[in-house]
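In: predicted model and sequence below, questions to follow.
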2 protein chains.
Amino acid sequence: MTTTDASAAAASTGAAQAVDTAVRAAAASGLERTSRAERAGWLRAIADALEAHRDELVALAHDETHLSEARLTGEVTRTATQLRFFAGVIEEGSYLEAALDSPDASLVPPRPDLRRMLRPIGVVAVFAASNFPFAFSVLGNDTASALAAGDPVVVKAHPGHPELSRRVAAIAREALAAAGGPVDALVLVGSEGGASGMETGVELVRHPLVRAVGFTGSTRGGRALFDLAVSRPDPIPFYGELGSINPVVVTPAAAAEDATGLAEGLAGSFTRDGGQYCTKPGLVFVPAGTGFEAALVAAAGEAPAQRLLTAGMTAAFAAGVGELGARDDVEVLVAGTTDAPGDSASTVVATSAAAFLAAPEAFQTEHFGPLTLVVRYDDAAPGGDLDRALAVLEGSLTGTVRHAAADGAALADDAELVERATAALSRVAGRVLYNGWPTGVAIAWAQHHGGSWPASTASVHTSVGATAIRRFLAPVAYQDAPQQVLPAELRDGNPAGVPRRVDGVLQA
Amino acid sequence: MTTTDASAAAASTGAAQAVDTAVRAAAASGLERTSRAERAGWLRAIADALEAHRDELVALAHDETHLSEARLTGEVTRTATQLRFFAGVIEEGSYLEAALDSPDASLVPPRPDLRRMLRPIGVVAVFAASNFPFAFSVLGNDTASALAAGDPVVVKAHPGHPELSRRVAAIAREALAAAGGPVDALVLVGSEGGASGMETGVELVRHPLVRAVGFTGSTRGGRALFDLAVSRPDPIPFYGELGSINPVVVTPAAAAEDATGLAEGLAGSFTRDGGQYCTKPGLVFVPAGTGFEAALVAAAGEAPAQRLLTAGMTAAFAAGVGELGARDDVEVLVAGTTDAPGDSASTVVATSAAAFLAAPEAFQTEHFGPLTLVVRYDDAAPGGDLDRALAVLEGSLTGTVRHAAADGAALADDAELVERATAALSRVAGRVLYNGWPTGVAIAWAQHHGGSWPASTASVHTSVGATAIRRFLAPVAYQDAPQQVLPAELRDGNPAGVPRRVDGVLQA
């Protein structure tokens, strides 16, 4: 064994031990036996603590991620809002899906007394994302929804903001302790980064007591962990949000009415915070030969360059831009040059729908950073090149239709096209939006943040919005159970006061 | 290439072509664009047609499966009931989870108009089970719930009842045609069986247009197909119900009060229809030294032998019994002998909790057929051998607690034990039942038929009950969408009249 091998083995053993200690502590936290009211209180206490440390945390996050303080300040608010949102979701109680059926011996087969609801599943592993150091990190949606569900969480820190991760975890644990909650309901691992950090992630997904994984990150890294999760002796669900290209369709009438407004809006969206959003519009279908491209060149050229989250991302972005730009079928509209070394500048490339159709996979690789690809189409009629291009779209978090005039007024010319685009986009994207831009994901009961592979590892799940909690729950049906062993939510008389379905009838 | 290789290659090519043709026909059926009312009507038409052909189908099923005509007659009713049940579920409409949030620019981030509901996902592959030739086969729960959801289905026939599969599929397609429905919403493949049949299953799971798989069968076969589904370039959900041992806990007080009644009930349950139920009680924890075992020996000895579904199952059962009986730590209580060649007879073996704890995996292998394993415990107190044995249980569909007297009256002696057993069983089993037997699964809103691996490939899903439909749906959120592109269930004024959540408030 060489010295390098020996160090790697030692790191591996250290990572395995650290993960085992963390997972066992979380499993022993007793969170699953606490009440919804208790957990709601603790989520709010953590949210309050986060906001109380806002200035300190924003400064730390800015140092580690290069995101602007304004953006990070808003993200702290968002993160606190998410935590409080899930407190409200569990207080309301319908997420439990409580259902009661009364006995009926006349049925075939006979029906006993059946009472079903969702229960916590056990320890959840959460992999923090790089690009939302608060809202999709240690206290992000995955953690908030898992804790709300009653599942203790072990977070794998993202190497892009290790110090922030440690500080946020410490603040959350202090808040839990101060509120009388189980401190080990949230445990951080892997903040040391490097090879040991990667090994930590592997050990976490393999640990027998881990019951599900929440992940936000790259398709490559996510696929590797997904493969581990499903190849366990007992496979576990891997809820991953991976890559997304977020196609946008600009209709002919909209392009004719508002080329400049659309170009400026697009430039603002795809360059926002360095284009480091999972919902960045990276693929824009535009009618050929309008004023849109010239306006986009002007608007994108004015967007400031940004230092990306990590050096690795900067290099990967440059490589991706270089690869695209070297293609014969690609025209570089904005070259993405900047005087600031280490920064990445806005880049716009264009191709034809015919070229896109000839190599749909090559043009649907996500480029994390300020790049968008314009696809020029000639024919928006049924069966035309736009239709054919939309038919080969891969999974995305969002799909956008821009079909209105600048003042939002509907343009009747494109009504039928809007329906066709909706059908095509909703086949692959979890959120379809109209006359807006996809960056910016509201926290709401009706939100969905997912889509076909690779946007999500399974299109049925969301990582944002109220139903994100369902990923970390499993049903139990109790048959002819004595009252005292039933959860309060299923007892006679509904002492917990939750919405229930009784003999098939929903009682809100 | 040898002749055998050439035949296998030809069969493989033939299977691939047959699957491709079937999947493309299903995908083109247009079922996802039909209304809930239409699909409810078609499900009822299929149910009526099934019952109208009952006599013919029962005779066919009896020939192919050796199950009794009485059992099969009841199973036809069950299957028709399931189809009608899902018709009712989609008419009621809350399965869509329709949710609407109104715009609020004051929030961080601002909230647009968001409307979310579940939509069909596309072609579903269903693998029929051997042991329910109606209720978990061509028109079983998986098919019924997928069709109800709006997903066309391609069924892989089980080789144990190919002729019945073809006839049922033909009847269903005729019923669809007569009712004006899309005939190709249900397509059968693989009924020719053999090597080509297996290849058919593989091709089906790999087909790019297949969006999810429903499977009921063995852990070994299910794991192989699960591994295929998750290793696709675009992994798809594999909803499998695999093995289940279905532990039963008999409390000391119940054993003392009603040893004979419990033994007779258990014998009836584990030998029912040859013990070929996924919910067969295969592992029974009984206090040592009561009259229970003698009563069980008497009752099990009287149960009739049964020819199992296939010759392969007969051989596998004999091998499993032989392996268990050869163990030093196992006592054979009922040896399972019969004069009828080809039949399998009731078998009871016993071991100690200490032996079980020493080799928990060996004792938790499912033996499909009329076998149960008694585990004698000495100590039902907290931390005793019963507690320790329950702590190492693997996933099961059901867990049973027998704690009452013969008349069903509660026995106060064991109250605390019942709570402890509930906690242990609900950790691994999707249905926990009291003072009944697990065979017999009611069709109900509150039913859950699933459990931790290997009972289910993911414990969050059920294959029986109203929520089985959710496996075959995925959410879409529409943001600021024009009314005309929205599904009726999400339009202003709720023209479809479904239960919805509006700004977080459930409106039943």
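Out: Perfect, I can see it now. Residues are numbered from 1 along each chain as shown, chains lettered A, B, ... in the order given.

In: around chain B, pick out the residues from the stretch 301-450 of chain A.
Out: A:395, A:410, A:415, A:418-419, A:422, A:426, A:429-436, A:440-448, A:450 (CB under 8 Å from any CB of the partner chain). Heads up, the C-betas are built off the backbone N, CA and C, glycines and all.

In: make it 7 Å
Out: When proximity is defined by CB under 7 Å from any CB of the partner chain, the stretch 301-450 of chain A lies next to chain B at A:410, A:418-419, A:422, A:426, A:430-436, A:440, A:442, A:444-448.

In: work out the gap between stretch A:225-242 and the centre of the chain.
Out: Stretch A:225-242 has its C-alpha centroid displaced from the chain centroid by 17 Å (CA atoms, centre = their mean, to the nearest Å).

In: what about it, how long is it end to end?
Out: Chord length of stretch A:225-242, first to last residue, is 11 Å (CA to CA, to the nearest Å).

In: ok, it near chain B or not?
Out: Yes. Counting by CB under 7 Å from any CB, chain B has neighbours in stretch A:225-242: A:226, A:230, A:234-235, A:237.

In: just the buried members of these?
Out: A:226, A:230, A:235, A:237 (16 or more other CB atoms under 10 Å in any protein chain shown).

In: among those, which one lies nearest to residue B:460?
Out: Minimum distance to residue B:460 across these is 6.9 Å, recorded for residue A:237 (CB to CB).

In: so the closest one touches residue B:458, yeah?
Out: Yes. The pair residue A:237 / residue B:458 is scored as a contact, 5.2 Å apart, by CB atoms under 7 Å.

In: what's the closest of the buried ones among the residues of stretch A:225-242 next to chain B to residue A:320?
Out: Using CB to CB, residue A:226 is the member of these that lies nearest residue A:320, at 22.6 Å.

In: which residues does that closest one contact?
Out: Counting by CB atoms under 7 Å, 6 or more residues apart in numbering or on different chains, residue A:226 makes contact with A:238, A:240, A:457, B:235.

In: for stretch A:488-506, measure first residue to last.
Out: Terminal residues of stretch A:488-506 are spaced 18 Å apart (CA to CA).

In: what residues of that stretch count as buried?
Out: Judged by neighbour count (16+ other CB under 10 Å), stretch A:488-506 contains these buried residues: A:489-491, A:494, A:496, A:498-502, A:504, A:506.

In: check the residues you listed against chain B, which are close?
Out: Filtering the buried residues of stretch A:488-506 for proximity to chain B by CB under 7 Å from any CB leaves A:499, A:501, A:504, A:506.

In: just send these back as CSV, with pLDDT and secondary structure too.
Out: Shown next, in CSV, are those (pLDDT from 0 to 100; DSSP: H, G, I helix; E, B strand; the rest coil):
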residue, pLDDT, secondary structure
A:499, 97, coil
A:501, 97, strand
A:504, 95, coil
A:506, 94, strand
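
In: could those go into TSV alongside distance to residue A:355?
Out: Conversion of those to TSV gives the following (distance: CB to CB, whole Å):
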residue	distance to residue A:355
A:499	52
A:501	53
A:504	54
A:506	51
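
In: and the furthest pair within the residues you listed?
Out: A:499 and A:504 (14.0 Å).

In: so which bits of the stretch 51-200 of chain A are right by chain B?
Out: Contact residues (CB under 7 Å from any CB) of the stretch 51-200 of chain A with chain B: A:74, A:77-78, A:81, A:94, A:99-101, A:108-112, A:114-116, A:119, A:121.

In: show me which of those residues are buried.
Out: Applying 16+ other CB under 10 Å to those, the neighbour count classes A:74, A:77-78, A:81, A:94, A:99-101, A:109, A:111-112, A:114-116, A:119, A:121 as buried.

In: show me where chain A has helices.
Out: Listed from the start of the chain, chain A has helices (DSSP state H) covering A:3-27, A:36-52, A:54-65, A:69-92, A:141-149, A:162-178, A:194-206, A:219-230, A:252-271, A:292-302, A:311-325, A:353-358, A:385-390, A:415-428.

In: which one of the buried ones among the residues of stretch A:225-242 next to chain B is nearest to residue A:40?
Out: Nearest member of those to residue A:40, counting by CB to CB, is residue A:237, at 24.8 Å.

In: wait, what's in contact with residue A:501?
Out: Taking CB under 7 Å, 6+ apart as the definition of contact, the neighbours of residue A:501 are A:99, B:445.

In: what's opposite it in the beta bridge?
Out: Beta bridges link residue A:501 to residue A:99, residue A:506, judged by DSSP bridges.

In: what about it, distance to residue A:34?
Out: For residue A:501, the distance to residue A:34 (CB to CB, to the nearest Å) stands at 25 Å.

In: now swap in residue A:416 and tell me
Out: The value you get for residue A:416 to residue A:34, if CB to CB is used, is 54 Å.

In: any chance of the buried ones among the residues of stretch A:225-242 next to chain B in CSV with pLDDT as columns?
Out: Converted to CSV, these look like this (pLDDT from 0 to 100):
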residue, pLDDT
A:226, 97
A:230, 97
A:235, 97
A:237, 96
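
In: and which of those residues is nearest residue B:351?
Out: Nearest to residue B:351 among these, counting by CB to CB, is residue A:235 at 29.1 Å.

In: pLDDT wise, what is residue A:473 at?
Out: The predicted structure scores residue A:473 at 97 on the pLDDT scale.

In: with adjacent residues omitted, what lies nearest to it?
Out: residue A:118 (3.8 Å; CB to CB, 6 or more residues apart in numbering or on different chains).

In: Provide a list of residues in contact with that neighbour.
Out: For residue A:118, the residues meeting the contact criterion (CB under 7 Å, 6+ apart) are A:96-97, A:473-475.

In: how is chain A carved up into domains?
Out: When chain A is parsed with automatic domain parsing, its domains come out as A:10-242+A:460-490, A:247-434.

In: tell me which of the ones you listed is the most buried.
Out: Mean neighbour count (mean count of other CB atoms under 10 Å in any protein chain shown) peaks for domain A:10-242+A:460-490 among these, with a mean of 21.

In: distance from the chain centre to that domain, please.
Out: Between the centre of domain A:10-242+A:460-490 and the centre of its host chain there is 13 Å, according to CA atoms, centre = their mean.

In: so the closest residue to residue A:44 other than its chain neighbours versus chain B, what's the distance?
Out: Sequence neighbours aside, residue A:87 is the residue nearest to residue A:44 in space, at 5.3 Å (criterion: CB to CB, 6+ apart). Using CB to the nearest CB, to the nearest Å, one gets 13 Å for the distance from residue A:87 to chain B.

In: which residues are in contact with residue A:87?
Out: For residue A:87, the contact set (CB under 7 Å, 6+ apart) comprises A:40, A:43-44, A:148.

In: hmm, residue A:171 and residue A:53 touching each other?
Out: Yes. Here residue A:53 reaches residue A:171: they are 5.5 Å apart, a contact under CB under 7 Å.
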